[in-house]
Every structure is written in structure tokens, then in C-alpha cells.
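A.B. asks: give me the fold of what follows.
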Amino acid sequence: MSETQNSTSQKAMDEDNKAASQTMPNTQDKNYEDELTQVALALVEDVINYAVKIVEEERNPLKNIKWMTHGEFTVEKGLKQIDEYFSCVSKKCWAHGVEFVERKDLIHSFLYIYYVHWSISTADLPVARISAGTYFTMKVSKTKPPDAPIVVSYVGDHQALVHRPGMVRFRENWQKNLTDAKYSFMESFPFLFNRV
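C.D. replies: Okay, here's the model as predicted:
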């Protein structure tokens, strides 16, 4: 066979293949398009979630106070600052009280631990039977200069995740969820908790 016949027959085969691919759907292309669509939708969803987060932070910026320095620290000032912080970040419907728990002496610092009791009063129950709590730790270094700020962190009752004021938005629903769970527990044992 000559060159021209070879190229002519090759062209004919290519045209037949092209015609066949146009009449029969290519499942590989369809799967690729489906995967591409899923990736695009996931990307759009991530962008929307990020935009919502930015708008929320603009409307409700992280609230914090100016925490005292190592040189200013006393146990009483720690109580006042925690109370000031919760007055800044929580709604007025939550009542809270702060108490000093203990001081731990570590090698390079002292840990001052406070406990904040939370409760919410209602018209039906003006004195709450259930409270939630938050443990605050103020770390005062033995080696840092007196003008360095102290390190403050907190963790909720029965939780392990450590939060830092000004870096994490305090969520009142954490306390509400805990008090609701405690109420549900109490209701499941009425013979134990309904004593007057």
C-alpha cells in the first residue's frame, strides 16, 4: 500500500472514531465532570462558610480585657479581672460567682486556679438548682519581667479543651448545654433530686 492510501485510510478511521465518540456518551468524561462538579461545590461551600465567619467576626468581634502584668498580680486582682472578663463577654441573664481554688508551685511559675460558677434564673425557678462551671488558670512566671502580661486560660466543667481569652470566642451555649444536661440527668432520677 502506498503512503497516500495509508494516510487516507487512517483519516477515515479517525473520522469513524470521532463520529462514534459523538454518538456514544463517554462515561469516563461524565465521571470526570461529576467529580469536578463535586470539588467545585465543596470549594464554593468552604468560601461561603469562611465569608460567613468573617461577617460574624465583624459584627461580633472577639471581646477581651487588658489582663494584668506579673508585677500587678494578686489573688484578689485575679478575682476582679475574671469577673470583669465575664461581665464583658456574657449576657446579663447568667449569674456568676468567682472563687479562688488553689495555688500550685511549679518549677518556673505559679498557677493560680479559680472557679467560676454559672447559673441562670427563670421566673419559674428564681434560685437555680443547677450550675455550670469554668476553671480559670492564671500562670505567673517566676522568671519573666514584672511588666510582662500573665498567661490566662480556661476550661469548662468536664471538658479538656483549653481556651484563651481573646483568642477564642466565649460561647454561652457551652454553659447552657451543660446545665441542660444536668437538668436532664436530674429529671431521670426524680426520687433523688425532688426533695425539698
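A.B. asks: in stretch 170-186, what's buried?
C.D. replies: Phe170, Trp174, Gln175, Leu178, Thr179, Lys182 (16 or more other Cβ atoms under 10 Å). Glycine gets a C-beta too; all of them are placed from N, C-alpha and C.
A.B. asks: go on, stretch 66-84?
C.D. replies: By neighbour count on 16+ other Cβ under 10 Å, the buried set for stretch 66-84 is Trp67, Met68, His70, Phe73, Gly78, Leu79, Gln81, Ile82.
A.B. asks: same check on stretch 148-166?
C.D. replies: So for stretch 148-166, counting by 16+ other Cβ under 10 Å, buried means Ile150, Val151, Val152, Ser153, Tyr154, Gly156, Asp157, His163, Pro165.
A.B. asks: out of those, which one has the lowest pLDDT?
C.D. replies: Least confident entry in the buried residues of stretch 148-166, by pLDDT: Asp157, with 79.
A.B. asks: quick one: contacts for the residue lying closest to that residue once chain neighbours are set aside?
C.D. replies: With sequence-adjacent residues excluded and distances taken as Cβ to Cβ, 6 or more residues apart in numbering, Asp157 is closest to Gly133, at 4.5 Å. Contacts here follow Cβ atoms under 8 Å, 6 or more residues apart in numbering; on that basis Gly133 touches Tyr115, Val116, His117, Trp118, Gly156, Asp157.
A.B. asks: all helices for the protein, in order.
C.D. replies: 3-23, 27-59, 75-89, 172-188, 190-193 (DSSP state H).
A.B. asks: if I look at the residue nearest the centre of the chain, how far off is Val152?
C.D. replies: The C-alpha lying nearest the average C-alpha coordinate of the chain belongs to Val168 (Cα atoms, centre = their mean; 7.0 Å). Remark: distance between Val168 and Val152 (Cβ to Cβ, to the nearest Å) = 12 Å.
A.B. asks: Val101 now?
C.D. replies: Counting by Cβ to Cβ, the gap from Val101 to Val152 is 15 Å.
A.B. asks: can you tell me how far Ala51 sits from Leu43?
C.D. replies: Distance, Ala51 to Leu43, by Cβ to Cβ: 13 Å.
A.B. asks: cool, and Ala132?
C.D. replies: Counting by Cβ to Cβ, the gap from Ala132 to Leu43 is 39 Å.
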